[in-house]
Structures are given as structure tokens and as C-alpha cells.
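S.K.: what follows is a predicted protein model with its sequence.
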Amino acid sequence: MDAATLAAYLGRIGVAATDGPTLATLRALHLAHPQAIPFENLSPLGGEDVDLADEGIAAKLVASRRGGYCYEHNLLLQGVLSALGFATRGLAARVCWNVPAGIELPRTHMLLQVDLPEGPHIADVGFGGWTLTAPLALVADVAQPTPHGTFRLRRDDDGWTLDARIGTGWRALYTFDTSPQRRVDYELTSWYLCRHPRSRFVSELIVARIGPDRRLALRGRRFTIHRTDGGDETREFGTLAELESVLDAEFGIRVPAADRLRVRLREVCGLAA
């Protein structure tokens, strides 16, 4: 990543300066990124391929002020961290969240391992509604508080499981191991997510963003605010204009002027024109 793109990224997320490859820098970036750049699947929903080249990701998420899904978010963050001198590796995960018992999904999620003097940490700014807002130390069975919830990592023979504390219990988000992945691995699974008819990214609208004291989630026509101090607020939309308004006001997304996308939004969300 060149200096101009790095500066544009830091401006996009509102981080004025960094102090090099330190845990404090990683924490600052990890908190600011998901508050500024939303998770969204408008490109695959509208029939567009997702460009995972560095230039394509920066053009979309930084210059065009759009969002994206896990590969875009975490490849962008990896490029930033590498430019700042961090040692990183891309990992792959199987999603467990909202997956029925007994169903095993392929490794379609990306996260990062970041090696620090304090020990290895995982970083993940692209897991939709349950995106982390702080890196987690790669240690087992320790509850780790973040600005937006408490998480833990569990170890077993197959690798690691990331859990989120929800209410008084724990729910698994995904499983992973520390085998390094290459960009070509992500390109293959990203193509699958953009093209396979059973991929949720081509069949439903999924948008999320972090606020200072809340998580914002849009699934189809339902918009929900999850406050960190407890309590949810939900409302539904009946028209495309209402949906576009909340995308702009709450997520900072201007819907691209593509007739096919607007048709798909009306179809998958059951909206009036």
C-alpha cells in the first residue's frame, strides 16, 4: 500500500496518526475501522463481482466511501497493517453463527493473525453484526472485553472457536485454525459467495455498522439498533425510498445508480417502488 492510499484510509476512519506497529495502534485501527466503513453486500446482490485487488478494494471502500464484506474489509486492513510494519497472516474460518446444528459450512470467512511482542492476536473487522471492535489475544478460555461486548477463544484439536457472550451465555461465531491463506484462496471463495444461488449474499440484504455505543444491523427490510447498555430498537420499511434513506443516514451508503440493484432490493426485501 502506497503512502497516499494509507493516508486516505486513515482519513476515512478518522485516525490522525499512528505510533508504528504496536498493540495500541492495532487497537485504535480496529475500533475506528468498523465505525467508519460498513459491512454490506450490495455488489453481489446486484450481480457485480467483488474486486479483491488492492486497488479495487481501496477504490470502493476508501475513495468511493462504500462498504463491503469480510474479504474486502480484512484485506484492506491487512494492507494497512503491512504498510505500518506489522507482521500479519490471513486465516480462514467456518461460520457457526445462526447455522443449524449438524450443518457444516465451508471456510468462507476471512480474519487476520497479527504477531506482536505481546503475543499473537486475531483481528477481524468484517464479521457483519458481530464484528470485533478490538483485537483478541490468541489465548484459550479467557474472557476478553472489547468496547462492544465480551469474547473468548476456545482451543481444541481442530483449532480455535470464537465465542461471543450474549446475555448470560456464550454463542459460537466461527471456527478457524492458523494455517496461512493466500489471496487466490480468498478469490475462489469470494467468487462462490458472489455467484452460488444458495449464497446468502446473493439472496438477502445484509448491512451492519458499529456506532460508539451500539451495533446497527439491516437484514432485508428490518433495521435494528442493538445498544451496548442493553435494549434493542427495531423498525421495518415498506418502500425502497425508506430503505435508501436509512442506508444513507445510518450507514453512510449511497445506493449505486444501477437499475438492476434497485430491482433486486425491491425483490429480496419485499418493498414497494
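M.R.: Nice, thanks for sending it over. Owing to the predicted nature of the structure, the values given are computational and were not obtained by experimental measurement.

S.K.: ranges for the strands of the chain?
M.R.: 39-40, 87-95, 107-116, 119-123, 136-137, 144-146, 149-156, 159-166, 169-176, 206-211, 214-219, 222-227, 232-236 (DSSP state E).

S.K.: for the closest residue to His73 other than its chain neighbours, grab the count of nearby residues.
M.R.: In this structure, His73 finds its nearest non-sequential neighbour in Gly126, 3.2 Å apart by C-beta to C-beta, 6 or more residues apart in numbering. In short, each C-beta sits where N, CA and C put it, glycine included. Counted with other C-beta atoms under 10 Å, the neighbours of Gly126 add up to 27.

S.K.: sorry, back to before: deepest-packed of the strands of the chain, please.
M.R.: Highest mean neighbour count of those: strand 39-40, a mean of 25 (counted as mean count of other C-beta atoms under 10 Å).

S.K.: pLDDT on it, on average?
M.R.: The average pLDDT for strand 39-40 rounds to 98.

S.K.: for it, packing partners?
M.R.: With contacts taken as 3 or more C-beta pairs under 8 Å, 6 or more residues apart in numbering; DSSP states H and E, strand 39-40 sits against strand 206-211.

S.K.: the spatially most central residue of the chain and Val80, how far apart?
M.R.: For the chain, the residue sitting closest to the mean C-alpha position, by C-alpha atoms, centre = their mean, is Gly126 at 1.5 Å. Counting by C-beta to C-beta, to the nearest Å, the separation of Gly126 from Val80 is 13 Å.

S.K.: what of Leu111?
M.R.: 15 Å.

S.K.: same question, Gly11
M.R.: Applying C-beta to C-beta to Gly11 and Val80 gives a distance of 12 Å.

S.K.: so between the two, which is more surrounded?
M.R.: The neighbour comparison of Gly11 against Val80 (other C-beta under 10 Å) goes to Val80, with 23 against 12.

S.K.: what's the neighbour count on the residue nearest to the more buried one when sequence neighbours are not counted?
M.R.: Nearest residue to Val80, sequence neighbours excluded (C-beta to C-beta, 6+ apart): Tyr9, at 5.7 Å. Applying the criterion other C-beta under 10 Å, we find 24 residues in the vicinity of Tyr9.
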